[in-house]
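# Using only what follows, build the 3D model:
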Amino acid sequence: MKIEEEIKTDKFVNEQHRATVNIVFTSNWISHVLEERAGEEQITLQQFNVLRILRGRHPEPATNNLLKERMIDKMPDISRIIDRLVVKGLVSRGRCNTDRRAVDVRITSEGLAVLDRLDERMLMMDMLHRMTDEECRQLNDLLDKMREAAVR
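The predicted model follows:
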């Protein structure tokens, strides 16, 4: 569905304005879909992201700082997210052997199982199947180009 139909307006200053509105709308829409899918396992999108990072390091641990650096959504309070995952039994926390001030965080077997159940749906392949690899490559290039312009 076109952005004009989604937000019930066609009043854009120019194509750049339309693109900006479309990107923001689509970003929020994707976040909502992913939150719902993560919620099927009683976790948030941020918790899913932490589990995904920990799985990538598994069996090695990660520190809070490493997790914070790698998060897609730069949340300031990673400790609270980890606390909730510990309560759910999806991660474990222990003392870091190399730095007494740091805490090692590891994904548990239950955390790995949650990711296994969610992986395919969180990749949104069911929604991206209408796009070719070349179209996805173009989209990625355009999004990268947009972010590069913001850095200057």
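# What residues of stretch 45-59 count as buried?
Residues 45-54 are the ones in stretch 45-59 that count as buried (16 or more other Cβ atoms under 10 Å). Quick note: C-beta positions are derived from backbone N, CA and C, even for glycine.
# Now do the lengthiest helix in the chain: distance to the chain's middle.
Longest helix of the chain, by residue count under DSSP state H: helix 15-39. What separates the centre of helix 15-39 from the centre of its chain is 13 Å, taken as Cα atoms, centre = their mean, to the nearest Å.
# any low-confidence regions in this protein?
In the predicted model, the chain carries pLDDT under 70 at residues 75-76, 151-152.
# And the strands in it?
In the chain, strands defined by DSSP state E lie at 91-95, 103-107, listed in chain order.
# mind giving me JSON lines with the ones you listed and columns for mean neighbour count?
What follows is these, written out as JSON lines (neighbours: other Cβ atoms under 10 Å):
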{"stretch": "strand 91-95", "mean neighbour count": "15"}
{"stretch": "strand 103-107", "mean neighbour count": "20"}
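# Could you save these as a markdown table and add columns showing distance to D83?
Putting the strands of the chain into a markdown table (distance: least, Cβ to Cβ, whole Å) gives the following:
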| stretch | distance to D83 |
| --- | --- |
| strand 91-95 | 9 |
| strand 103-107 | 11 |
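# Okay then, goodbye and thanks.
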